[in-house]
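A.B. asks: only geometry, no sequence info:
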């Protein structure tokens, strides 16, 4: 089965998003009414996300996980990095939204509890 993503396409997407998050999307405005505007047509507003930037566990509101009948053990890569809490009751909680078979494995979607 061919892969939908490769290392090259992932790097290209990351570069694309980095540029658009930092600079906006669309054409540069140029001069408007005698004022030079060095920004793009659409500017993103990430004030809500920036307020959560130092709280990594607060940035995730949905998880999609793909489980396969394959054991990797310590040879696999971790799907989640350190979240900075030392007790389970501080861990973010999620509710299962859906679970469906996918090519003999399982695709699960979880939503953060409110």
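C.D. replies: Perfect, I can see it now. Everything quoted here is computed from the prediction, not taken from an experiment.
A.B. asks: so what pLDDT did the residue lying farthest from the centre of the chain get?
C.D. replies: The centre of the chain is farthest from one residue, residue 34, which by CA atoms, centre = their mean lies 39.4 Å away. pLDDT, residue 34: 76.
A.B. asks: for the protein, which segments count as strands?
C.D. replies: For the chain, strands defined by DSSP state E occupy the ranges 25-32, 35-42, 62-67, 94-102, 105-112.
A.B. asks: right, so those strands: which one is the most enclosed?
C.D. replies: Highest mean neighbour count among those (mean count of other CB atoms under 10 Å): strand 105-112, with a mean of 14. Bear in mind the C-beta positions are built from the backbone N, C-alpha and C, glycine included.
A.B. asks: what's in contact with it?
C.D. replies: If you take CB atoms under 8 Å, 6 or more residues apart in numbering as the criterion, strand 105-112 is touched by 60-69, 92-101.
A.B. asks: picking that back up, got a markdown table for the strands of the chain, with distance to residue 54 too?
C.D. replies: Output for the strands of the chain, formatted as a markdown table (distance: least, CB to CB, whole Å):
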| stretch | distance to residue 54 |
| --- | --- |
| strand 25-32 | 27 |
| strand 35-42 | 27 |
| strand 62-67 | 21 |
| strand 94-102 | 21 |
| strand 105-112 | 18 |
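A.B. asks: got the domain boundaries for this protein?
C.D. replies: 1-44, 56-76+87-114 (automatic domain parsing).
A.B. asks: rank the ones you listed by pLDDT, which is bottom?
C.D. replies: domain 1-44 (a mean of 72).
A.B. asks: what about that one, distance to the chain center?
C.D. replies: Domain 1-44 has its C-alpha centroid displaced from the chain centroid by 17 Å (CA atoms, centre = their mean, to the nearest Å).
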